[in-house]
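Colleague: the amino acid sequence is not available; the structure is as follows:
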């Protein structure tokens with residue numbers, strides 16, 4: 001059975017409902033980042049960049065898997081890959097959202113650095129003993 005009408009409809013709707021909003025969000029953030037760049041206060045710039053980068057990360061993690069899933073031709077899709085992407089944007093992205101926003105907090109950043117330092121230090125000790 002020929003499915004070109006279905007695939008064309010999915011492509012057009014994906015473009016309208018996913019790609020176009022993502023492009024509009026990216027363009028609006030381009031304007032925001034330009035305005036932030038022109039700010040005189042270095043501390044204000046740093047805070048604004050931190051907020052923008054966290055939000056753009058979350059938006060990207062949300063939109064990219066959708067677009068990747070629905071813009072690929074049907075011949076390149078596999079059910080296993082579609083399931084993995086569905087888990088990514090329905091489970092992992094909402095779980096990452098609070099983590100990404102909490103990394104703006106200095107105390108959380110410090111705790112993360114300490115954990116990474118401990119992990120790296122333990123790995124170096126085990127490598128040294130081997």
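Modeller: Nice, thanks for sending it over. Predicted model, so just to flag it, every value in this text is computed and none were measured.

Colleague: rest of the way, CA atoms for contacts and neighbours
Modeller: Will do.

Colleague: list the buried ones in the helix or strand harbouring residue 36?
Modeller: If you go by DSSP states H and E, residue 36 is part of helix 20-37. Using 16 or more other Cα atoms under 10 Å as the burial criterion, the residues of helix 20-37 that qualify are 22, 29, 33, 36-37.

Colleague: pLDDT of stretch 69-87, averaged?
Modeller: Averaged across stretch 69-87, pLDDT comes to 81.

Colleague: quick one, domains of the protein?
Modeller: The chain breaks down by the TED database into domains covering 1-75, 78-129.

Colleague: which of those domains has the lowest average pLDDT?
Modeller: When I compare those, domain 78-129 is least confident, with a mean of 78.

Colleague: from the chain's centroid, how far away is that one?
Modeller: 13 Å (Cα atoms, centre = their mean, to the nearest Å).

Colleague: out of the buried residues of helix 20-37, which comes closest to residue 61?
Modeller: Within the set of these, residue 22 lies nearest residue 61; the separation is 11.2 Å, counting by Cα to Cα.

Colleague: is it true that that closest one touches residue 66?
Modeller: No. Residue 22 is beyond contact range of residue 66, at 11.0 Å (criterion: Cα atoms under 8 Å).

Colleague: check which helix or strand covers the residue nearest to residue 102 when sequence neighbours are not counted.
Modeller: Distances taken as Cα to Cα, 6 or more residues apart in numbering place residue 108 nearest to residue 102, at 6.6 Å, with adjacent residues excluded. Secondary structure assignment for residue 108, by DSSP H and E: helix 106-129.

Colleague: same check on residue 97?
Modeller: helix 93-102.

Colleague: got phi/psi on residue 81?
Modeller: phi -70, psi -40 (degrees, to the nearest 10).

Colleague: give me the neighbour count for it.
Modeller: As a burial measure, residue 81 scores 11 neighbours (other Cα atoms under 10 Å).

Colleague: so how far is the helix ranked longest in the chain from its chain's centroid?
Modeller: The longest helix of the chain (DSSP state H) is helix 42-71. Relative to its parent chain, helix 42-71 has a centroid offset of 6 Å by Cα atoms, centre = their mean.
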